[in-house]
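Colleague: How does the following fold in three dimensions:
(chains A and B)
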Amino acid sequence: MHHLISILSKPDNVPIVLMLVLTIFYTWHSMSKASKNDRQGSPEEAMLSDKVQVWPYLVKVEFLAALLVMAILTVWSITLNAPLEAPANPSLTPNPSKAPWYFLGLQEILVYFDPWIAGVTIPTLIIVGLCAIPYIDINQKGNGYYTFRERRFAILTFCFGFLVLWVSLIVLGTFFRGPGWNLFMPWEEWDTHRVVSLTNVDWSELFGVPTRRVDDSLNPAAMAIGTVTILAWFSLGFIFYFWKKKSDVIRKLGPLRYSIVAGLFLIMTALPVKIILRLTLNIKYILVTPWFNI
Amino acid sequence: MLGILDTLREKMQKTEVYKSVFRHNYQDTQRNRALQIVDNVFLHLHPVRITRHATNIGFTWGMGGITFLLFIVLTVTGVILMFYYRPAAEYAYDDMKYLMNDVAFGPLMRNMHRWAAHAMVITVMLHMFRVFLTGSYKAPRQFNWVVGVILLTLTLFLSFTGYLLPWDQLAIWAVTVGTNMARATPLLGSEGPFGPELGMKINNDVRFVLLGGTQVGPPTLLRFYVLHCIFLPLVGSTLMIVHFWRIRKDGGISGPDPDAKKN
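Modeller: All right, here's what the predicted structure looks like:
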């Protein structure tokens, strides 16, 4: 137990606790506002559409918010010192070595993917995907008020990405990962000598096809199985397209926007699929090629 | 006694100096409330009148404004810290020790800088969350969302580059873990897909450019310092101007379309 308290009270972990509390509160707050609006049929915000003067009605709120934030920040800064450890020493690697807390979700994904995916491709796709949102969400409803019913798919997808894949993985990386990036319960003492023997297998080996042949060269049959699996995953997008071709949403999206939506969505959902495959079946790679592994 | 003060105030308000500074008096009239905003270079970021729901903290969460406030706090405390800090490997850590132990209010300034930075990462994420949930990225605000995403990325980069500057174990290893990813960049990294085929080596790939060497060392400290104190704040401020200006141009904070039929 004292270990849990020592992780929680590490000065640099205080922001994570703060983020967790605020995220849970605001998720609840916005969803209760949304369900109220949905029940009423017209958004609450529409009833407050009369104009007021910025001085004092808005400036007052801003001033009080600034005062409150500065008060909290001052107390926080007086009571808690920013960490300053031993001087930098390139020849002494701490175990575990952790990235700054907001990147711990990405560091956690490194367990399941090679660095070119977890460290480069996924962050790039997050940024590109976020930028693309306004242009691929063609639903004109739900602009400027809280609602859930009018934008179910958009809200569920975003919340899945933000709450599950971003916030929860940061919490996992901070509180559940110890020396050797091994899984420790938060109340467990970190044992630097713990060795976890994992016999990871590749996807094709589940079907009895080894990744490498006896002479250590790559087995083309294994590569074929991997390629087919990945193509099959992305072909879900095509199947859905031809299945729902007549629906309003897909007609309005058009083929280009649909393929961007489907591509980003399938890449995002592939992430937890690979995580589950690793945790349950010890799958290391789906596809091994001479240049990259997935 | 109070009578004297009143006369004094009235006299003062009639002087040329006072009138040149404050262009209007402070009687509570509609006109003065409007002038209070329009005649002030900082406040005139706001329109004179806004819809009532935009003043509701339950709707806006105030996260965008708090992010901007924290940016100002970070600028002020950051400038103060710069007086005591030299971005060279020989001095950096000793300067931190000096700051934490011998400089009056040094620890307070440093703590405030660090906690405000962490808080800013949180508020900027929550701001994005709120803007998404109210659908505020929809027309006509699509591009402002994109500017916001870039500002979010810049916030993370600012925080990350600042993380190295204390030059302690925490700093160099966190940054080592983070920048090791760069060598796996497809095409541009020495260990990324098709990187070696394109001639990428440990001493000429994208990570080398970022670090100014093959590992996190003194050149990295200087690079991150310049990025942290000059380059990123300048780019960020410029984009913030665009971000705020576009909010005004797009009709202020988003709200339900007043012309839409209520169903």
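Colleague: so B:G64 sits in a helix?
Modeller: Yes - counting by DSSP: H, G, I helix; E, B strand; the rest coil, B:G64 is part of a helix.
Colleague: Am I right that it is in contact with B:L126?
Modeller: No - B:G64 lies out of contact with B:L126 (Cβ atoms under 8 Å); the separation is 9.5 Å. C-beta here means a position set from N, CA and C on the backbone, and glycine is covered the same way.
Colleague: To what extent is B:D28 buried, counted in neighbours?
Modeller: Neighbour count of B:D28, defined by other Cβ atoms under 10 Å in any protein chain shown: 7.
Colleague: got it, and B:L8?
Modeller: Neighbours around B:L8, by other Cβ under 10 Å: 10.
Colleague: Distance-wise, check it relative to A:S6.
Modeller: 61 Å (Cβ to Cβ, to the nearest Å).
Colleague: Could you check which residue of the stretch 1-150 of chain A lies nearest chain B?
Modeller: A:G119 (2.8 Å; Cβ to the nearest Cβ).
Colleague: Once you drop chain neighbours, what's closest to that residue?
Modeller: The shortest distance from A:G119 to any non-neighbouring residue, by Cβ to Cβ, 6 or more residues apart in numbering or on different chains, is to B:M181 (2.8 Å).
Colleague: where in the stretch 51-200 of chain A is pLDDT low?
Modeller: Applying pLDDT under 70 to the stretch 51-200 of chain A flags no residue at all.
Colleague: Strands of that one, start to end?
Modeller: A:51-53 (DSSP state E, counting those that start in this stretch).
Colleague: Do stretch A:171-187 and chain B come into contact?
Modeller: No - Stretch A:171-187 stays clear of chain B (Cβ under 8 Å from any Cβ of the partner chain), getting no nearer than 10.6 Å.
Colleague: what comes into contact with that stretch?
Modeller: Contacts to stretch A:171-187, defined as Cβ atoms under 8 Å, 6 or more residues apart in numbering or on different chains, come from residues A:1, A:3-4, A:7-8, A:13, A:16, A:20, A:95-96, A:98, A:101, A:104-105, A:107-108, A:111, A:188, A:190-192, A:194-196.
Colleague: CA atoms only for it, dumped as PDB, please.
Modeller: Below are the C-alpha coordinates for stretch A:171-187, written out as PDB (Å, rounded to 0.1, in the frame of the first residue of the first chain):
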ATOM      1  CA  VAL A 171      -2.700   5.700 -16.400                       C
ATOM      2  CA  LEU A 172      -1.600   2.100 -17.300                       C
ATOM      3  CA  GLY A 173       1.800   3.300 -18.200                       C
ATOM      4  CA  THR A 174       2.200   5.400 -15.000                       C
ATOM      5  CA  PHE A 175       0.700   3.300 -12.300                       C
ATOM      6  CA  PHE A 176       1.000  -0.300 -13.600                       C
ATOM      7  CA  ARG A 177       4.400  -0.400 -15.300                       C
ATOM      8  CA  GLY A 178       7.500  -1.000 -13.300                       C
ATOM      9  CA  PRO A 179      11.100  -2.200 -13.900                       C
ATOM     10  CA  GLY A 180      11.600  -3.900 -17.200                       C
ATOM     11  CA  TRP A 181       8.200  -2.400 -18.200                       C
ATOM     12  CA  ASN A 182       6.700  -5.400 -16.500                       C
ATOM     13  CA  LEU A 183       3.100  -5.300 -15.200                       C
ATOM     14  CA  PHE A 184       2.800  -4.500 -11.500                       C
ATOM     15  CA  MET A 185      -0.300  -3.800  -9.600                       C
ATOM     16  CA  PRO A 186      -0.200  -0.300  -8.100                       C
ATOM     17  CA  TRP A 187       0.100  -1.600  -4.500                       C
END
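Colleague: Which residues belonging to it are considered buried?
Modeller: Residues of stretch A:171-187 classed as buried: A:171, A:173-175, A:177-178, A:180-181, A:184 (neighbour count, 16 or more other Cβ atoms under 10 Å in any protein chain shown).
Colleague: do the same with stretch B:79-88
Modeller: Applying 16+ other Cβ under 10 Å to stretch B:79-88 flags B:80-81, B:85, B:87 as buried.
Colleague: quick one: is that stretch near chain A?
Modeller: No - using Cβ under 8 Å from any Cβ, stretch B:79-88 stays clear of chain A, coming no nearer than 11.0 Å.
Colleague: quick check: mean pLDDT across that stretch?
Modeller: The average pLDDT within stretch B:79-88 is 97.
Colleague: cool, stretch B:198-217 as well?
Modeller: For stretch B:198-217, the per-residue pLDDT averages 92.
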